[in-house]
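> Mind folding the following:
(chains A and B, ligands or ions: 2)
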There are 2 protein chains.
Amino acid sequence: MSDESQELGITESKSHKPGEWYAEVVQKAGLADYAPMGGFIVTKPRGYALWERIQDALDGWFKQTGVDNVYFPMFIPESFLEREKDIVEGFDPEVAWVTHGGHNELDERLAVRPTSESIIAPFMADWTRSHRDLPLRINQWCSVVRWEATETKPFFRTKEFMWQEGHTAHATDGEAWEEVWTRLDQYARVYEEVLAIPVLRGKKPEHDKFPGADTTTTVEALMPDGKSVQGGTSHHLGQSFAEAFDITFADEDEEEQTAYTTSWGLSWRALGALIMTHSDDQGLVLPPTIAPTQIAIVPIWQEDTMDAVLEYSEAIADDLEAAGFRVELDDRDERNPGFKFNEHELNGVPLRLEIGPNEVDDGEVTLVHRPDNEQSVADRDEIVDAVDEHLETVFTKLYDTAAENLEENVRTADTPEEIMGTIGKHGGYVKVPWCGDSTEEDDIKEKVSAEIVMQPVVDKGGRSAGEPERPPEGTECVFCGEPADQYAYFAKSY
Amino acid sequence: MSDESQELGITESKSHKPGEWYAEVVQKAGLADYAPMGGFIVTKPRGYALWERIQDALDGWFKQTGVDNVYFPMFIPESFLEREKDIVEGFDPEVAWVTHGGHNELDERLAVRPTSESIIAPFMADWTRSHRDLPLRINQWCSVVRWEATETKPFFRTKEFMWQEGHTAHATDGEAWEEVWTRLDQYARVYEEVLAIPVLRGKKPEHDKFPGADTTTTVEALMPDGKSVQGGTSHHLGQSFAEAFDITFADEDEEEQTAYTTSWGLSWRALGALIMTHSDDQGLVLPPTIAPTQIAIVPIWQEDTMDAVLEYSEAIADDLEAAGFRVELDDRDERNPGFKFNEHELNGVPLRLEIGPNEVDDGEVTLVHRPDNEQSVADRDEIVDAVDEHLETVFTKLYDTAAENLEENVRTADTPEEIMGTIGKHGGYVKVPWCGDSTEEDDIKEKVSAEIVMQPVVDKGGRSAGEPERPPEGTECVFCGEPADQYAYFAKSY
Ligand SMILES: [Zn+2]
Ligand SMILES: [Zn+2]
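Ligands and ions are numbered 1, 2, ... in the order given. From the prediction side, this is the model:
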C-alpha cells in the first residue's frame, strides 16, 4: 500500500470508535464536508447522488399513489406559526429567524421553515371547498432548518437538512388512516428495497408524537452499534390543523365538515442509516440498488499484455452498460491495481471485476464482492447474467446481515433495572409490557439515555389506527405492576 | 356557458391589459397562488409539474456533459459574502438576514443565499489541488432570496425564486469559455426545444454584467408585448473569484496556477416566458413538449350512446398511453362537454380529442388544436400516428408564431430619438451601432425604461470569447458619432 492510499484509507475502527469512524467514512468517501458554520454540511457529488436515488424511488411511488409535487415559500410569518399552539411550542425554541431584508428591519419576523404545516394548511383550506376536492395530496422536496445545539453528525444531526414533506387532507378519519399507512409502507420500502435495511413499523408513544399530531407512526432501523434510527414518520394529524386553519368542505349533502389531515416526511437521515449499517473499516459499502457505480472494472496489465487486456475489458464494459448497469472501467495509467482496489472499496462499489492476461486467455472474468471480498470466476460469454446474479447476492448479503442484527437484538426484560442492564450490555431493543404512563421512562432516559422508540401495532394498514399489540391477559407493567395493555420498545436512538 | 365556467374563464385581455391577464392565467390555470408575505408565491401542482419538466431536460443534459449535482447550505456567513467585493456591492442591499437561532442572537449574521459563489468557491479551492482535479463542475437545484421591493409577478419577480446554479473551475481561460458557451447553448435548447420559444444569444454590456464576472452571456426571448426576457445567463468569472478564494492548482510541471471559474443559472422565469409567449384570452397554452397532459379526450354521449362512446374512448386512451403520450380521459359525468372544453383550454392542453356517437359509427376521431382551434378528423386505426403528427404540428405552430414575432421585431435606428420612438411604438429590439460608452443608455433608460439587453457575438461557441459583431468600417455610434465597433440591442425588459 502506497503512502497515498494510506492517506485515502479509513484509520478509525467501526467497532471501537463508531462516531469517529462514521465521520471519516463520510469525508473520505466524498459524501459530505463540514460547512464553515457549525451544524451545516456540504453535500458532495457522491453523497448527493445517493439522495437523488432515494428521491427517484420515493417520488415515483408518490406519483403513482396520487401525490402532486408543489413548492411553498421557505419562510413562514411568525403569526402563521402561532396559529397551531403545539407547533409553536414544539418548534419555537429552534427556529432560525429572518429579521432584515436588505438594510431594512422587517415588520414581522419570518421563520425559516422548520416544517411547513403552518404555511401549507391555510392554502389547503383555500383549495378545499367541496368533497370533490378531497383527497388533496401534496408533497415538496426541500430543506428545513432547526436550530438545535448538538454536535454535528452529517446526515444525522445538522441544523439544515433535506427532506420531503407530504401534506394531505381527507373527508374521513378512515381515509386519513389509509394515507398514513400508505406512506409509512413506502418509507419501509425505501429502507428494505433500496437501502437493504429491514425496519420495524409502529407508533411513537403518546408523549413523543409530532407537535399537534393525533398519532405519529414510524419506521425504525437498528444500527450495528445498537442504536435505533427513526427512519421516517407519518403523522395522523386528526382535525387539529384543520380546525386551527379552517380546512372545511361541503359534503354530499352540502353540510360543512371539517377535514382530517396527515403529514409525513423522510429526510437524508436515511443516508446516515445507509452509511452506518453496511460500511466497514475499509470504507463505504453500498447495496447495488443505490450505488452510483455498481461495477468497477480493474484491468491488470504489463506492457506486453496491455492492448489485449484493455480491449477485452472495454468490450465487457460495453456489454454491461448496454445491459443497463452502472459501470466504471478504471483504465487510469498512473495508478496501480492495488490503489484502484482500495479506492473502489473506500467508495463502496458493490462489485469489482478483475481482468488480467489469465482472464483474457481463459475467456473468464474474476468477480469480487465488496462486503466480504468473496471472489469467484465467471465465463466471459455469460458475464451479463453473472453480474446480475452477483449484484443480487451482494444485496442479499447486506440485507441478511442487517436482518440478523435486528433479529438478534430484540430482547425482553422483567424489571426497569434489567432494561437498563440489557441496553447497556447489548444495545438493541428491549420489548416490555407497559401500562402507558409516560413518566415511567424518565429514569431510564436519564440513566442510560434510552427511551421508548416504538410501540408495535397489529392489524395496521387499513382505514383504521390498527390495534396495539396486546400482552396476554394479566400481564403486569414492568414499571409499576399495574395491568399492561401495550408493549414498548426501549432503545438508545440517533 | 354555465355560470361556473364563466367564473373559471379568463376575463382580462392579453393585448389590452397584459399584466392583469398574466396574473389571471397564472391563478386560474392553477399554476401559482400569492403567499401571505408580499413577494412570495406558492407553486401549485400544475405549475410545479412544468418546472419539473424543465429540470428533467436540463439536468439530463448537465449530467451528459460532466456536471455533478451537490447541495450547499442555504445560509452564507456575512464574512464569506464580503470576500468578493463585487458580490457584496451587488447583493448586499437585497440580502435577507438571519439574526437569531431559537431564542439566541447569532454571533455572525447569516445571509439567505442570493447566489452561492461565496460559499461554493472556498470548497472549490479545497477540492482543487492538482490539474487532475480540473475541470470541476457542480450544480445545485435550489431557491435563492433577493429582497427586491418591486411588485410581485409570479415566476418573473418574486423575492424567493427557484433556479439551478452551476459552478465550474478550469485550468485555462479557453476551457472556461467552452464551458460558458456549452451552458448557454443548453439554455437556448430548453427555450427552443422544450418551451417552443426562439431566443437571441449574446453578451450583456460591460456595465450590466453579473457582479464579479468578466463576461455575462445571455439568452433573450421576446415576449408578445414587446419586452425582452433574460432567459438564462452564463458567466465567465475570469480569475476574480479564484483569486478572492484561492482556487489554485499544481499544473503538470508542479507550478501553482490560478483557476478560471464560471457560473450559470436558469430560473423559473422560464415558466413566466412560457406562459406569456403562447397563452391567450382563453387561458394557458402549452407546447406538447412540456404539457403535463398532452391530450384531453372528451367523450360526448347521450344516455343511449354512453356505453359505446365510453368504451371506444377508453380503448383510444389506452392505445395512446401505451404509446407513451400523457393522456387524460375526461369521463366526468357531472360536467357537460362545453364545460370540459373550456377547462382543458384554460389549462393549456395542446390537443383535444372529441368522441361522440358519429365518431364511433364512422371509426374516426375529431382532433382540435388548442392554439387556434383547428379541427380535423383521423381514422381510429391510425390514431397513434395521427396524434403524434398533430402534436408536432401544434409545437410548430407555437414556435413559428414566436419566431415570426421575433423576426418582425428587430429594427434599427439612426438616432437616440428614433430608438425611443421605435420602442415606444412597436416594442421589440432596436439594433444600433455603438461605441461602448455605458453612460449613453442613461437617457433612454430614464425616458422609456429601455436599455441594452444584449450584444451580438459571432464565431462564438469555441474556446474563446468570440468576436463581437462589428459594424462596417466607418460606421458611427448612434449616440456620439464616434466610430462604432459593436452593436447594441435596446429593449424594454422584464
Ligand atoms: Zn406502569
Ligand atoms: Zn458613442
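
> next structured bit after the strand or helix carrying A:Glu417?
Following DSSP states H and E, one finds A:Glu417 within helix A:416-426. The C-terminal neighbour of helix A:416-426 among helices and strands, as given by DSSP H and E, is strand A:429-434.

> sorry, back to before: quick one: average pLDDT of the helix holding A:Glu417?
For helix A:416-426, mean pLDDT rounds to 96.

> what's it packed up against?
Contacts defined by 3 or more C-beta pairs under 8 Å, 6 or more residues apart in numbering or on different chains; DSSP states H and E place helix A:416-426 against strand A:429-434, helix A:442-448, strand A:450-458, strand A:486-492. The way it works is simple: take the backbone N, C-alpha and C, and place the C-beta from them, glycine included.

> Need the ones you listed in TSV (columns: mean pLDDT and mean neighbour count).
Formatted as TSV, the helices and strands packed on helix A:416-426 follow (pLDDT from 0 to 100; neighbours: other C-beta atoms under 10 Å in any protein chain shown):
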stretch	mean pLDDT	mean neighbour count
strand A:429-434	98	24
helix A:442-448	93	14
strand A:450-458	96	21
strand A:486-492	97	23
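
> between those, which one is nearest to ligand 1?
Smallest distance to ligand 1 across the helices and strands packed on helix A:416-426 (C-beta to the ion): 6.1 Å, for strand A:429-434.

> Give the pairing partners of that closest one; include direction for each.
Using DSSP bridges, strand A:429-434 pairs in its sheet with strand A:410-412 (parallel), strand A:486-492 (antiparallel).

> Would you reformat the ones you listed as a markdown table and include distance to A:Glu175?
Output for the strands paired with strand A:429-434, formatted as a markdown table (distance: least, C-beta to C-beta, whole Å):
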| stretch | distance to A:Glu175 |
| --- | --- |
| strand A:410-412 | 33 |
| strand A:486-492 | 26 |
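
> export the helices and strands packed on helix A:416-426 to TSV and tack on distance to ligand 2?
TSV is the format used below for the helices and strands packed on helix A:416-426 (distance: least, C-beta to the ion, whole Å):
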stretch	distance to ligand 2
strand A:429-434	79
helix A:442-448	76
strand A:450-458	73
strand A:486-492	74
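
> Relative to B:Asn104, which of these is closest?
Counting by C-beta to C-beta, B:Asn104 lies closest to helix A:442-448 out of the helices and strands packed on helix A:416-426; the figure is 25.3 Å.

> quick one: the closest one near ligand 1?
No - contact of helix A:442-448 with ligand 1 (C-beta under 5 Å from the ion) is absent, the minimum separation being 12.1 Å.

> cool, stretch A:456-472 as well?
No - using C-beta under 5 Å from the ion, stretch A:456-472 never reaches ligand 1; the gap is at least 11.9 Å.

> what residues does that stretch touch?
A:172, A:174-175, A:177-178, A:181, A:185, A:200-203, A:215, A:217, A:236, A:431, A:433, A:455, A:484-487, A:489 (C-beta atoms under 8 Å, 6 or more residues apart in numbering or on different chains).

> give me that answer again for 6 Å
Contact partners of stretch A:456-472, identified using C-beta atoms under 6 Å, 6 or more residues apart in numbering or on different chains, comprise A:174, A:177-178, A:181, A:202-203, A:433, A:484, A:486-487.
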